[in-house]
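Participant: the sequence and its predicted three-dimensional model are supplied below.
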Protein chains: 2
Amino acid sequence: MASRVNDQSRASSNGLKGKVLTLDTMNPCVRRVEYAVRGPIVQRALELEQELRQGVKKPFTEVIRANIGDAQAMGQRPITFFRQVLALCVYPRLLNSPDFPEDVKRRAERILQACGGQSLGAYTISSGIQLIREDVAQYIERRDGGIPADPNNVFLSTGASDAIVTMLKLLVAGEGRARTGVLIPIPQYPLYSAALAELDAVQVDYYLDEERAWALDIAELQRALRQARDRCCPRVLCVINPGNPTGQVQTRECIEAVIRFAFEEGLFLMADEVYQDNVYAEGSQFHSFKKVLMEMGPPYASQQELASFHSVSKGYMGECGFRGGYVEVVNMDAEVQKQMGKLMSVRLCPPVPGQALLDLVVSPPSPSEPSFRQFQAERQEVLAELAAKAKLTEQIFNEAPGIRCNPVQGAMYSFPRVQLPPRAVQRAQELGLAPDMFFCLCLLEETGICVVPGSGFGQQEGTYHFRMTILPPMEKLRLLLEKLRHFHAKFTNEYS
Amino acid sequence: MASRVNDQSRASSNGLKGKVLTLDTMNPCVRRVEYAVRGPIVQRALELEQELRQGVKKPFTEVIRANIGDAQAMGQRPITFFRQVLALCVYPRLLNSPDFPEDVKRRAERILQACGGQSLGAYTISSGIQLIREDVAQYIERRDGGIPADPNNVFLSTGASDAIVTMLKLLVAGEGRARTGVLIPIPQYPLYSAALAELDAVQVDYYLDEERAWALDIAELQRALRQARDRCCPRVLCVINPGNPTGQVQTRECIEAVIRFAFEEGLFLMADEVYQDNVYAEGSQFHSFKKVLMEMGPPYASQQELASFHSVSKGYMGECGFRGGYVEVVNMDAEVQKQMGKLMSVRLCPPVPGQALLDLVVSPPSPSEPSFRQFQAERQEVLAELAAKAKLTEQIFNEAPGIRCNPVQGAMYSFPRVQLPPRAVQRAQELGLAPDMFFCLCLLEETGICVVPGSGFGQQEGTYHFRMTILPPMEKLRLLLEKLRHFHAKFTNEYS
C-alpha cells in the first residue's frame, strides 16, 4: 500500500510491526507524572486484598486503606438529608411518596426545575446550573460575613481537582526561562506536582516549617521565588489551607502576609480550601483568602487575582464519589474569564448529581425546616468524631519514640515524621526505593495498613514521613495507631 | 518589599498593577481552542431566553435548543429501570420499600456491594469499579458475537469526552515536524479540534464525501496523510461511527479498509462509537471496529492498536448529565496502559453515579426479570421515534429548494447543506462572520431555533451547512423543520 516515511521503528525482521504507542513514543510529560496517593503502594494493597480473598495466609485479616481521604469507604454514613433529596431528584416519582419530609420534596423540586427537561439526565450550562451558582455565591457571602460574591464568578466543577487543573492550564505559558513557574508548598498534595508535570510547567517548591507546626513562612516564599527566577517566570502561588497532607490551619496574619507577598511579586493566588469545614484544634479558625483579601481593602481587594476551590468530597459530608466542586475567581480579567468558560465547555458540564449535591451542601436545612434537627445532629457527630480522632492520632504518635507528629489542626490527615535507622535507609537504597517508601511497604506487608510515604508529597531532604488519614472509626483507628507504633519500634530494632 | 524582576508589565504610572493573567499572558493553546456546540450562538440563545423571561417581545415564544444532543432536555423521559436502581443506590433505605420490583433491588444491592463502604459516596479505583468493568466486557462480548473482551482493557470515564482527551494526551509528543499529527474527519465533532488545539497537536483533516452520504473514502485518507507528512508525524486516525455531525453509518467493507490503512501506515486507531445504539436507516447496521478488527485475523487482529469509546449520554437512554462512559483499548502496549491508568488516577475516579448508570446500560433487565417488559417498551419507543424523526428531517429538508440533506442513517443529527445567496455571504463577511454563522444567527433571532453552523464542524470550502438535532418531540420537530424551511426561503429572497 502507501509509503511508510519516517517510520522505521515499526518495521522489523520477523514481519511484526512495533507498536505505534510505546513508552518511548508517548507523551513525555505524561510519563513524568507521579501521583503517590494512588501509586505503587496502593497497587500492592489491591493485590494483597485479592490474595486475602483467595485465602492466602497473611499476618493480618484486612487491608486498611488509610492512604486516601475517603470517609464513606471507612464507614462514615452519608448525611440523610442530602441523599433523600438526591433520591427524589434521580427518581421524581418519589415526590408522591409519604415517606419523605416536605422540605426534602421542596428542595428536590427546586433543583429539578433548574434542570433541562427537569431531569438530572440533561446537560447543564458548562459553568453549572445558574441556580446552584447563585446558592454557592450566597454560601460564600454567609461564610465571609456578608462580603459580596458574584454567581458569575463561580464555576462548578468535577470535584476540586478538575477546577484546579483548569486554572493551572490557563496560567501555563512561555518557553524555556519564560515558562510559567508555580509555587507550591512542600509537603504538597500531589495533584499539584502531577498537573504541573503534565502541563510541562515549572514546579517551584517552598517548604512549610515543620518545627512551627507546618506554618507557612514568608521568608521561605521569598527564597523560593528568588531562586526560581533564574529558571522560569513565577506567576502563580498555590496555598493549601487547611493543609494537605500537613493539617495546619493558617492564621489570619499569615494569610494577610501571603496576600501582600503575592501582590508585591505579581503572583496569581490559588487557594485550595477544600478542608474549610475541617478545623479541629482549639484556637484554630478557618479564614478564607477571599474574606481576608477583601478586608485588606485597596489595592489588594481591588486588584489581587485569586481563585478559591471547594469540594463536596471532604468536610462532614465526604461525598467523594459524586465529584462535585466549585471555584470562585476574584479580580480575574474579564476576557480570561470568558476563556475559562470556553475551556470548560469542551467537557460539556460537571456531573449533574454532583452539582445537585453541592447545592445541598451550600444551602443545608435551616432551623425552621423539618430536616434541620437530624441534619444538624449527623453533621455534629461526624465533626466531633473527626476532632477526637485528630487528637488521638497526635497523642498516640507522640508517645512513640522515633515518631513525632504535629497537631492535626484541620483537614483529614496526620503527617508524622519517623526516624528510620541508617541500615534501613541503606537497605532501601539497595532496593532502589525511597527509605520511607520502603518503610511503608514493610508496614503494609506486615500489618495490612496502607499509608503513603512522605516522599510522595515532598519533604526536607533526609527527613521521612508518611500520610495517614484520621478517618477509620475511632476504635479501629486506635488499634491501627497502636499497631503502627509497634511496627515502627520493631522495624527500628530490626535495622539497628 | 522584594525586587520585581522581569515584570514591567505590572507597573504603571497610576500605581495600578496590571493583571497577572490576561489574554496576552494566558496559555496560547487554550486561547486557540474553539467549541462550536457551545459557542457564541449558544451564548446568544441564553441571552434571548433571559430576554423572553423579562418580557421582551420577540417573534417567537421560546428558544428551541437543537444545537446539542441532549435528549432529556428535549423532553425524552429517563428509562424507569435505570432511575429506580439509581434511586436505591443513592438512598439505600429504599431497599425496604415495597414500591420497587425485586430485580431493581437486587441490582442496587449488587452495585452497592461493589462500592467502598457500600456507598456511591466513596471513591472507586481510578479505572472504575471492577464489577462494572467486567459487566462492560461482557456487554462488548455479546455485542461482538462472542469475541472476547478483557475487563482490564476497559477504563470507565467521565463521559466519552474525558476518555478521548486522555487517549489523545497519551499520544501527543514531539516538536516541530516530529509533532504528533491526528487525522480527523471533516465535518467532525469539535471536541477533537478543541482537544488538539489545547494539546498543541497537529490536526490533519480528511474530508467525508457528502456526495456519497458522507462516506469515508480511503483515497482521501491517503491524500490527507501524504500531505500531512511534510509538517508533522501522523500517528493517530480518529473515526466517528455513526457519524457526528454527519449521521452516516459505515459499512463493514469501509471499516475493513480503514483498519488496513491504519495498519499499513502505522496509525493508532481511535473509534468514537458513542452512537452505536442509534442506527435507523434500513440496510444500515452498526459494526464495531473491535469486531471487524478481530474477524480480520492476523496480522491486524493481533497488532493493530485501537481504542473504542462509548457513553451513557446517547443511545436510547440520553443520560448526558450523569457523565458516564468508557474506553476499551485493544493491542495497547502494556507499559503504556499502566501509564494511562496512572494518568487517570490523578483525577481520582469517574463520578460513581455515572459508573452505576453505565453498569445498567451494559446489563439491562433480562427477559425473565420483572422489569424487562417495561424496560423494553420504553427503549423501543424512544428508538422508534428517533428513527421516525430521522426520516422526517431528511424528507422535509429535501423538499426545500436550496437545502439538501443526506439520509440520517444514525446518531442524532442532520447536517443539511444550505445554499446561501452571494449577497448574504458578502453581508456576513462585512460583519466578520462565517456565512453559515450569519445564517444561523439570523435564524435564531427570528425564529428562536438554535442550530450550530457547519463552520464549527468543518466543511468543504464554499459549502455551508448547519447541524440540527433530531431530538425535539415529533410535532415540535415538524413545526421546527417547517419554520426553518420558510426562514431559509425568506432569507434567500431577502439577500437575492
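Facilitator: Now that the structure is in, tell me what you want to look at.
Participant: next SSE downstream of the helix or strand encompassing residue A:137?
Facilitator: Element membership of residue A:137, judged by DSSP states H and E, is helix A:130-143. Counting by DSSP H and E, the element after helix A:130-143 in chain order, helix or strand, is strand A:154-158.
Participant: surely residue A:181 is within a strand?
Facilitator: Yes. Using DSSP: H, G, I helix; E, B strand; the rest coil, the assignment for residue A:181 is a strand.
Participant: can you name the residues bridging to it?
Facilitator: Note on residue A:181: beta-bridge partners by DSSP bridges are residue A:202, residue A:234.
Participant: if we can go back for a sec, show residues contacting the helix holding residue A:137.
Facilitator: The contact list for helix A:130-143, computed with Cβ atoms under 8 Å, 6 or more residues apart in numbering or on different chains, reads A:110-111, A:114, A:127, A:147-156, A:276, A:288, A:290-291, A:326, A:328, A:355-356, A:358-359, A:362-363. C-beta here means a position set from N, CA and C on the backbone, and glycine is covered the same way.
Participant: alpha carbons of it, as CSV, please.
Facilitator: Taking Å, rounded to 0.1, in the frame of the first residue of the first chain, the C-alpha atoms of helix A:130-143 are listed here in CSV:
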residue,chain,number,x,y,z
GLN,A,130,-27.3,29.0,37.4
LEU,A,131,-29.5,28.5,40.5
ILE,A,132,-26.7,26.5,42.1
ARG,A,133,-24.1,29.1,41.3
GLU,A,134,-26.4,31.6,43.0
ASP,A,135,-26.7,29.3,46.0
VAL,A,136,-22.9,28.9,46.1
ALA,A,137,-22.5,32.7,46.0
GLN,A,138,-24.9,33.1,48.9
TYR,A,139,-23.0,30.4,50.8
ILE,A,140,-19.7,32.3,50.3
GLU,A,141,-21.3,35.6,51.4
ARG,A,142,-22.6,34.0,54.6
ARG,A,143,-19.2,32.3,55.2
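Participant: report the angle between the axes of it and strand A:154-158?
Facilitator: If you take axes from the mean of the first three to the mean of the last three Cα atoms, to 10 degrees, helix A:130-143 sits at 110 degrees to strand A:154-158.
Participant: can you pull the buried residues of helix A:130-143?
Facilitator: Neighbour counts using 16 or more other Cβ atoms under 10 Å in any protein chain shown place A:130-137, A:139-140, A:143 of helix A:130-143 among the buried residues.
Participant: widest-spaced pair of these?
Facilitator: The distance between the two most remote of these (Cβ to Cβ) is 20.3 Å, for A:130 and A:143.
Participant: helix, strand, or coil at the residue of the stretch 201-350 of chain A found nearest chain B?
Facilitator: Going by Cβ to the nearest Cβ, chain B is nearest to residue A:321 of the stretch 201-350 of chain A, at 3.4 Å. Here residue A:321 is helix, with the state taken from three-state DSSP.
Participant: ok so, going back, PyMOL command to pick out the buried ones of the contacts of helix A:130-143?
Facilitator: Buried residues among those (16+ other Cβ under 10 Å), as a PyMOL selection:
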select buried, chain A and resi 111+114+127+147+149+151+153+154+155+156+276+288+290+291+326+328+355+356+358+359+362+363
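Participant: next up, phi/psi of the residue nearest to the spatial centre of chain A, please.
Facilitator: Nearest to the mean C-alpha position of chain A, counting by Cα atoms, centre = their mean, stands residue A:189 at 6.3 Å. Note on residue A:189: its backbone torsions stand at phi -80, psi 120 [degrees, to the nearest 10].
Participant: next up, the contacts around the nearest residue in space to it that is not next to it in sequence.
Facilitator: Spatial nearest neighbour of residue A:189, chain neighbours left out: residue A:244 (4.4 Å); criterion: Cβ to Cβ, 6 or more residues apart in numbering or on different chains. Applying Cβ under 8 Å, 6+ apart, we find residue A:244 in contact with A:69, A:189, A:272, A:274-275, A:411-413.
Participant: surely residue A:61 is in a strand?
Facilitator: No. Assigned with three-state DSSP, residue A:61 falls outside any strand and is coil.
Participant: my guess is it contacts residue A:448. True?
Facilitator: Yes. The criterion here is Cβ atoms under 8 Å, and residue A:61 meets it with residue A:448 at 7.5 Å.
Participant: who's more crowded, these two?
Facilitator: residue A:448 (21 against 7; other Cβ atoms under 10 Å in any protein chain shown).
Participant: ranges for the helices of the stretch 1-150 of chain A?
Facilitator: Taking DSSP state H, counting those that start in this stretch as the criterion, the stretch 1-150 of chain A carries its helices at A:28-32, A:40-53, A:80-90, A:102-113, A:130-143.
Participant: just checking, what packs against the shortest one?
Facilitator: If contacts are counted by 3 or more Cβ pairs under 8 Å, 6 or more residues apart in numbering or on different chains; DSSP states H and E, helix A:28-32 sits against helix A:191-199, helix B:334-345.
Participant: any chance of those in JSON lines, plus distance to residue A:24?
Facilitator: Listed next are those as JSON lines, based on distance: least, Cβ to Cβ, whole Å:
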{"stretch": "helix A:191-199", "distance to residue A:24": "18"}
{"stretch": "helix B:334-345", "distance to residue A:24": "10"}
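Participant: any idea which of these is most buried?
Facilitator: Neighbour counts (mean count of other Cβ atoms under 10 Å in any protein chain shown) averaged over each of those peak at helix A:191-199, with a mean of 23.
Participant: show residues contacting that one.
Facilitator: Contacts for helix A:191-199 (Cβ under 8 Å, 6+ apart): A:29-30, A:32-35, A:161, A:164-165, A:168-169, A:172, A:182, A:184, A:202-203, A:238, A:458, B:169, B:343, B:346.
Participant: show me which of those are buried.
Facilitator: Applying a neighbour-count criterion of 16+ other Cβ under 10 Å, the buried members of those are A:29-30, A:33, A:35, A:161, A:164-165, A:168-169, A:172, A:182, A:184, A:202-203, A:238, A:458, B:169, B:343, B:346.
Participant: what strand or helix carries residue A:163?
Facilitator: Residue A:163 is part of helix A:159-171, with elements assigned from DSSP H and E.
Participant: that helix close to chain B?
Facilitator: Yes. Using Cβ under 8 Å from any Cβ of the partner chain, helix A:159-171 comes into contact with chain B via A:159, A:161-162, A:165, A:169-171.
Participant: give me the pLDDT value at residue A:481.
Facilitator: pLDDT recorded at residue A:481 is 95.
Participant: now the helices for the stretch 151-300 of chain A?
Facilitator: Shown for the stretch 151-300 of chain A, the helices assigned by DSSP H, counting those that start in this stretch span residues A:159-171, A:191-199, A:218-228, A:252-265, A:289-295, A:300-303.
Participant: residue A:494: which of the ones you listed is closest?
Facilitator: With Cβ to Cβ, the closest approach to residue A:494 among the helices of the stretch 151-300 of chain A belongs to helix A:191-199: 32.1 Å.
Participant: what's the offset of that closest one from the middle of its chain?
Facilitator: What separates the centre of helix A:191-199 from the centre of its chain is 13 Å, taken as Cα atoms, centre = their mean, to the nearest Å.
Participant: thanks a lot, see you next time.
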